[in-house]
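> Have a look at this prediction, sequence included:
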Amino acid sequence: MANSQIEMKDVSGARRTLGELVKAYPQSEAAQAGKQRLATLK
């Protein structure tokens with residue numbers, strides 16, 4: 001979902017989506033990728 005938001009130029013929405021992912025599933029591989037993606041969006 002965050003990738004779609006980024007494509008639609010909704011960076012704040014993508015940050016929110018990735019933040020929710022990291023918070024809900026902190027130990028998952030997706031959360032690790034989300035953390036990396038968040039770092040590039042800031």
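Perfect, thanks for sending it. Residues are numbered from 1 along each chain as shown.

> use CA for all of it now, contacts and neighbours both
Fine.

> Centre-most residue in this protein?
Most central in the chain under C-alpha atoms, centre = their mean is Leu18, positioned 2.3 Å from the mean C-alpha point.

> surely that one meets Ala2?
Yes - Leu18 lies in contact with Ala2 (C-alpha atoms under 8 Å); the separation is 6.5 Å.

> ok, Val22 - how many residues close by?
Close neighbours of Val22, defined as other C-alpha atoms under 10 Å, add up to 20.

> And for it, nearest residue in space, chain neighbours not counted?
Ala31 (4.6 Å; C-alpha to C-alpha, 6 or more residues apart in numbering).

> Which pLDDT does the model give that neighbour?
Looking at Ala31, its pLDDT reads 97.

> what's next to the helix or strand encompassing it, contact-wise?
Using DSSP states H and E, Ala31 falls within helix 29-41. The contact list for helix 29-41, computed with C-alpha atoms under 8 Å, 6 or more residues apart in numbering, reads Val11, Arg15, Leu18, Gly19, Leu21, Val22, Tyr25, Pro26.

> so how far is it from its chain's centroid?
Averaging C-alpha positions (C-alpha atoms, centre = their mean, to the nearest Å) puts helix 29-41 6 Å from its chain's average.

> buried stuff in it?
Using 16 or more other C-alpha atoms under 10 Å as the test for burial, helix 29-41 gives Ala31, Gly34, Lys35, Arg37, Leu38.

> In a markdown table, list the residues you listed along with distance to Glu7.
Listed next are the buried residues of helix 29-41 as a markdown table, based on distance: C-alpha to C-alpha, whole Å:
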| residue | distance to Glu7 |
| --- | --- |
| Ala31 | 20 |
| Gly34 | 16 |
| Lys35 | 18 |
| Arg37 | 13 |
| Leu38 | 15 |
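
> and the helix or strand hosting Ser4, what does it pack onto?
Taking DSSP H and E as the definition, Ser4 sits inside helix 2-7. Helix 2-7 is packed against helix 11-24, with contacts defined by 3 or more C-alpha pairs under 8 Å, 6 or more residues apart in numbering; DSSP states H and E.
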